[in-house]
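Q: A structural model of the following input is requested.
(chains A and B)
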Amino acid sequence: MIFLADFSVIKPDFGLIFWTTIAFGLFWLLMAKYAFRPIAEALKEREDDIQNSLDEAKKAREEMAKMKSEHENLLAQAREERSKILKEAKLVGDNMVSEAKAKAKEEANRIVATAKEQIENEKMAAMIDIKNTSGKMALDIAEKVIQKELASSKEHQSFVQKLVSEINLS
Amino acid sequence: MIFNPLFRKGKLNIPTKPSKKRNRSYKIRGERATFALIFREGLINKLSQRVLKKNVRMRSILLIFSYIILTATVAVAHDHDGHEHDHATEQHEGHDHENGDHDHHHGGHDHGDHMACGHPTHHEFDAGATAFHHIADANVYSIGPWSFPLPCILYAPDGNGLQTFMSSKFGDRDTHGTGNKAYKGYVLDQGTVVRVKDNNFPQEQVDIAGIVHLQEKDAKGKEKNVPHVCYNDQLYKCDKKSTADAGLFGGGITSYYDLSITKNVLSMFIVCFLLGWLFLSVAKSYRNRRGQAPKGVQSLIESIVVFVRDECAKPFLGHKYMKFLPYLLAIFFFILGLNLWGQIPFLGGSNVTGNLGVTMVLAIIAFIVTNLNGNKHYWEHVFWMPGVPAWVKTIITPVEIAGLFIKPLTLMLRLFANITAGHMVIIIFVSLIFILGDVGNNAGVAWGTSIGSVLLTLFMMAIELLVAFIQAFVFTLLTASYIGAATEEAHH
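A: Reported below is the predicted structural model:
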């Protein structure tokens, strides 16, 4: 009952060669067809999917960035426009105000001038009135004085008339 | 556990010659083991460089530690071998003392043929032989104390042709798997079927007294260990089964072929079945969960598949990787599955990928796949290397042609040597208990050794787990690189 001091594993046995060929051959063919190829393809498909999604996301991000910059441009433009409009509006407003002021001043001046003229006129009229009234009064007074002295002398009357007209209302 | 009457005789009468021979064989065996270990060290080194890149000090400590342990083991084994010669006749084994044959053998120093037919009880413990027995293929599947019969398919061209029967026909097996019956001219010798060469041997089922191994000289004058069957107090010479090594490793074509479903074949079937079931279910979840994230075992397998694809297939095959990926995955998982199956304790420990026959088939398939896919550019480089002077071509071409065959040869030997060495080292660690415990005569030392032995075995098994993955990966990687070289497009 000696153990074979025999390194038998180094001697390739025909039976083992035969069955290994069959076992590995079947394993290879069946697994390649029903497991390894479908798995490898599914992996590839999924990886392609992921890559595509990433690419798409990148593209979308780029587009977003582009849109954003466009937006910003637009906004800046709008802002510029707004300030321009504001400036213009201010200018117009200022002009209007100054114009109105000038107009008002002019009007005021005119009104004042008219008023002065009227006042002058009124004054003239009043002077004339005063002249007339005071002449009459003086005449009355003088009549009464003369009547007393001349008692209706024509000469006196004309004389007085002459005097009255000589009074120049200047 | 050796019993060899002639060897003992030689030991007593002419002590120098056999002992010298045995020493030489141990030396060769030792060198082989050392070579395997050195190769293993290289791999561990490579791997730990990856794993422990950050911690150089820890890596070197680990390396030194593992190197010391491994060399120490070899040294212990050597010591034991020497020791064994001095005390060969004094060593006993506890459990085989039945039938009262004990005294008969103990007393008798005159070994006649009749002696060989007795029940042997007297043997030494030989760690090397134990290891060889445990890594060998067998026609029974032994799990612990149980052994299950397997179908035998035997073909003897000159005898009774094709025979198929269960190995239970060989009757009850003893602790070493030797059957007590012969059937159709075959007997079960330590778990392996051998054929009785003699035509006078009965073909029906008969009881045999036992099988002894005798040292004989073959035609070339080489000493060989030949099993003989004891039947009716006569010795019948047995033939070993035919092997495909063309006599290179001591085998060759004999009188019969063994196409049985052996332990290794059954292991292969079981592993293929388990892997098939696993991958079909994973493929199914890929179908059902199209476009979704992986889940459960699918994510485990996916990470390995992606690893093989990105580390082996894509770097060498480029955009053509899809064509060869199923093949690469098949060899990777086939080798990995079998490596791991052999690592499971208490499950027979079948050494499938550590058998040269298996790795030979894998290497031949790799050779065929590589060269069938070789393009014009590849063959041009093999037979008529462009761009070198003609006289250089006369040197390069033979080298390139030799390289075609050396590549699969190295694939075959690397996997075989690594897995076999791993199995052997573990068995030798366990054997330390028997060696140092003096085969049960020194229970205290045996108990003490068992603690260290279990720790060493545990350590070794952890490394073996690593090696199982590395070897599957290396085989796949190199195959991919060979295919890549054969299908590379010309670029000048």
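Q: Show me the domain layout of chain B.
A: Domain segmentation of chain B under automatic domain parsing yields B:5-116, B:139-261, B:265-487.
Q: Is it possible to get CSV of the ones you listed that adds mean pLDDT, mean neighbour count and distance to chain A?
A: (Each C-beta comes from the backbone N, C-alpha and C, glycine too.) As requested, the domains of chain B are exported to CSV (pLDDT from 0 to 100; neighbours: other CB atoms under 10 Å in any protein chain shown; distance: least, CB to the nearest CB, whole Å):
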stretch, mean pLDDT, mean neighbour count, distance to chain A
domain B:5-116, 45, 14, 7
domain B:139-261, 86, 18, 4
domain B:265-487, 92, 18, 3
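Q: and of those domains, who's closest to A:F36?
A: Among these, the nearest to A:F36 by CB to CB is domain B:265-487 (3.9 Å).
Q: and the closest one, how far apart are its ends?
A: Taking CA to CA, to the nearest Å, domain B:265-487 runs 33 Å from one end to the other.
Q: residues touching the nearest residue to B:Y183 once chain neighbours are set aside, list them.
A: Leaving out its chain neighbours, the residue that sits closest to B:Y183 by CB to CB, 6 or more residues apart in numbering or on different chains is B:K169, at 4.1 Å. Contacts for B:K169 (CB atoms under 8 Å, 6 or more residues apart in numbering or on different chains) come out as B:C152, B:K181, B:Y183, B:K184, B:Q205.
Q: Longest helix of chain B, counting residues only.
A: helix B:390-436 (DSSP state H).
Q: go on, chain A?
A: Under DSSP H, chain A gives helix A:37-149 as its longest helix.
Q: elements contacting it?
A: helix A:154-166, helix B:263-288, helix B:297-308, helix B:321-343 (3 or more CB pairs under 8 Å, 6 or more residues apart in numbering or on different chains; DSSP states H and E).
Q: so can I have TSV of those helices showing distance to A:T21?
A: Converted to TSV, the helices and strands packed on helix A:37-149 look like this (distance: least, CB to CB, whole Å):
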stretch	distance to A:T21
helix A:154-166	164
helix B:263-288	11
helix B:297-308	23
helix B:321-343	12
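Q: Tell me which of the ones you listed sits nearest to A:F7.
A: Short answer: helix B:263-288, nearest of these by CB to CB, at 15.5 Å.
Q: Show the contacting residues for B:G144.
A: B:F346.
Q: cool, and B:Q203?
A: Neighbours of B:Q203 in contact, by CB under 8 Å, 6+ apart: B:N160, B:K184, B:G185.
Q: now B:A363
A: B:P408, B:L409, B:L411, B:M412.
Q: Identify the residue nearest the last one in space, chain neighbours excluded?
A: The reference is to B:M412. Here the residue nearest B:M412, using CB to CB, 6+ apart, is B:A363, at 3.8 Å.
Q: helix or strand for the one you found, which one?
A: helix B:356-372 (DSSP states H and E).
Q: Can you show me the CA trace of that helix as CSV?
A: Written as CSV, here are the backbone C-alpha positions of helix B:356-372 (Å, rounded to 0.1, in the frame of the first residue of the first chain):
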residue,chain,number,x,y,z
LEU,B,356,-1.3,19.4,-17.4
GLY,B,357,-4.0,17.8,-19.5
VAL,B,358,-6.4,20.6,-18.7
THR,B,359,-4.0,23.4,-19.2
MET,B,360,-2.8,21.8,-22.4
VAL,B,361,-6.3,21.9,-23.9
LEU,B,362,-6.7,25.5,-22.9
ALA,B,363,-3.3,26.4,-24.4
ILE,B,364,-4.0,24.5,-27.6
ILE,B,365,-7.3,26.3,-28.0
ALA,B,366,-5.5,29.6,-27.4
PHE,B,367,-2.9,28.6,-30.0
ILE,B,368,-5.7,27.8,-32.5
VAL,B,369,-7.6,31.0,-31.9
THR,B,370,-4.5,33.1,-32.1
ASN,B,371,-3.2,31.6,-35.3
LEU,B,372,-6.5,31.2,-37.1
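Q: after that helix, next one along is what?
A: Next element after helix B:356-372 (DSSP H and E): helix B:376-383.
Q: Does anything pack onto that next one? Which helices or strands?
A: Identification of packing neighbours for helix B:376-383 by 3+ CB pairs under 8 Å, 6+ apart yields helix B:390-436, helix B:443-487.
Q: Next, the angle helix B:356-372 makes with that helix.
A: Helix B:376-383 runs at 120 degrees relative to helix B:356-372, counting by axes from the mean of the first three to the mean of the last three CA atoms, to 10 degrees.
Q: just to revisit the earlier point, and the direction of the longest helix of chain B versus that of helix B:443-487, what angle?
A: Using the same axes, to 10 degrees: helix B:390-436 against helix B:443-487 is 160 degrees.
Q: residues in contact with B:S260?
A: A:G15, B:N139, B:L150, B:P151, B:C152, B:I153, B:L154, B:S167, B:V193.
Q: Tell me which two of those residues sit farthest apart.
A: A:G15 and B:S167 (13.1 Å).
Q: Contacts for stretch A:21-35 next, please.
A: Residues contacting stretch A:21-35 (CB under 8 Å, 6+ apart): B:265, B:268-269, B:272, B:275-276, B:279-280, B:282-283, B:326-327, B:329-331, B:333-334, B:361-362, B:365.
Q: Counting neighbours, which bits of it end up buried?
A: For stretch A:21-35, burial by neighbour count (16 or more other CB atoms under 10 Å in any protein chain shown) applies to A:T21, A:A23, A:F24, A:F27, A:W28, A:L30, A:M31, A:A32, A:A35.
Q: ok, the residues you listed vs B:N225, which is closest?
A: A:T21 (29.9 Å).
Q: Show the pLDDT at that closest one.
A: At A:T21, the model reports a pLDDT of 96.
Q: what bridges to B:K224?
A: Going by DSSP bridges, B:K224 is paired in beta bridges with B:E216.
Q: so it makes contact with B:K237?
A: No. Applying CB atoms under 8 Å, one finds B:K224 not in contact with B:K237, separated by 11.0 Å.
Q: about what we covered before: tell me which two in the contacts of B:A363 are the farthest apart.
A: Pairwise over these, using CB to CB, the maximum falls at B:L409 and B:L411, 7.2 Å.
Q: which SS class is the closest residue to B:N225 other than its chain neighbours?
A: Computed as CB to CB, 6+ apart, the closest residue to B:N225 that is not its neighbour in sequence is B:H213, at 5.2 Å. Following DSSP: H, G, I helix; E, B strand; the rest coil, the label given to B:H213 is strand.
Q: does B:F165 count as helix, strand or coil?
A: strand.
Q: Please report the distance of it from A:V112.
A: For B:F165, the distance to A:V112 equals 147 Å [CB to CB, to the nearest Å].
Q: so of the contacts of B:K169, which ones are in helices?
A: Per DSSP H, the contacts of B:K169 never map to helices.
Q: Tell me which of those residues fall in strands.
A: Using DSSP state E, B:C152, B:K181, B:Y183 are the members of the contacts of B:K169 that sit in strands.
Q: how far away is the first one from B:I208?
A: Looking back up the chat, that one is B:C152. 16 Å.
Q: Check B:G354 too.
A: Taken as CB to CB, the span from B:G354 to B:I208 is 31 Å.
Q: cool, and B:M460?
A: In terms of CB to CB, B:M460 sits 38 Å off from B:I208.
Q: close enough to count as contact, B:V265 and A:F14?
A: No. If you go by CB under 8 Å, B:V265 and A:F14 don't touch, sitting 11.8 Å apart.
Q: so which helix or strand takes in B:A219?
A: Applying DSSP H and E, one finds B:A219 in no helix or strand.
Q: quick one, phi/psi of it?
A: phi -60, psi -30 (degrees, to the nearest 10).
Q: Kindly report the same for B:A138.
A: Torsion angles, degrees, to the nearest 10, at B:A138: phi -150, psi 160.
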